[in-house]
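Q: I'd like to go over a predicted model; first the sequence, then the structure.
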Amino acid sequence: MALFISRYIATHVIIGEVVERVSQMKKVLYVTTVSGTISFLTDQILYLFDEGYLVDIACRVTGDINRDILAKGCVVYDVSFRRSPLTLDNLRAVKQLRQIIQNNGYDVVHVHTPIAAAIARYVCKNIPKIKTLWPSVNHVTLGACLSN
């Protein structure tokens, strides 16, 4: 019983420290290749808004964005991402994304989809005090990227 209680207390102390660190980060940028991916992330984005974060999105706008997200004040940046890594549009996307991140002072860049994630991680590489989150479900091989 004592072991269980000590683990419970230790777990809550660790979670409390993580929540305290995360609560200091107030501006989050979600980065995806196309706007259709946002429909899978709506719950996460709305949760962050409810917790007091400012959340924006950078993607190639190919369709409608959820109205609930837009109603919360989310800014959607139309970036010239393409799914193929071999297009010049992705070089333009590097410049566009760099300007968006530097002009808005994001604390966290949350990346999704392989090409946009690679570009965002490259852009954020030399920006001090910025955290880049990349969910492990996005792990793909270069061959899969080249086949698209």
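A: Here it is on my side, so go on. Numbering: from 1, shown residues only.

Q: ranges for the strands of this protein?
A: Assigned strands in the chain, in chain order: 27-34, 54-60, 76-78, 108-111, 131-133 (criterion: DSSP state E).

Q: Where does the prediction get shaky in this protein?
A: Across the chain, the ranges flagged by pLDDT under 70 are 1-25, 136-148.

Q: Dead centre of it: give me the residue that sits there.
A: Compute the mean C-alpha point of the chain, and by Cα atoms, centre = their mean the closest residue is H110, 1.7 Å away.

Q: Distance of that residue relative to I69?
A: Distance, H110 to I69, by Cβ to Cβ, to the nearest Å: 14 Å. Where you see a C-beta, it was placed from the backbone N, CA and C, and this is true even at glycine.

Q: G63 now?
A: 13 Å.

Q: So the two - more neighbours on which side?
A: Using other Cβ atoms under 10 Å as the criterion, G63 and I69 rank with I69 on top: 21 against 9.

Q: what residues are up against the more buried one?
A: Going by Cβ atoms under 8 Å, 6 or more residues apart in numbering, I69 touches I38, T42, I45, L46, F49, V55, I57.

Q: Any of these buried? List them.
A: Using 16 or more other Cβ atoms under 10 Å as the burial test, the contacts of I69 include I38, I45, L46, F49, V55, I57 as buried.

Q: Looking at the residues you listed, which is nearest G105?
A: Nearest to G105, judged by Cβ to Cβ, of those is V55 at 13.9 Å.
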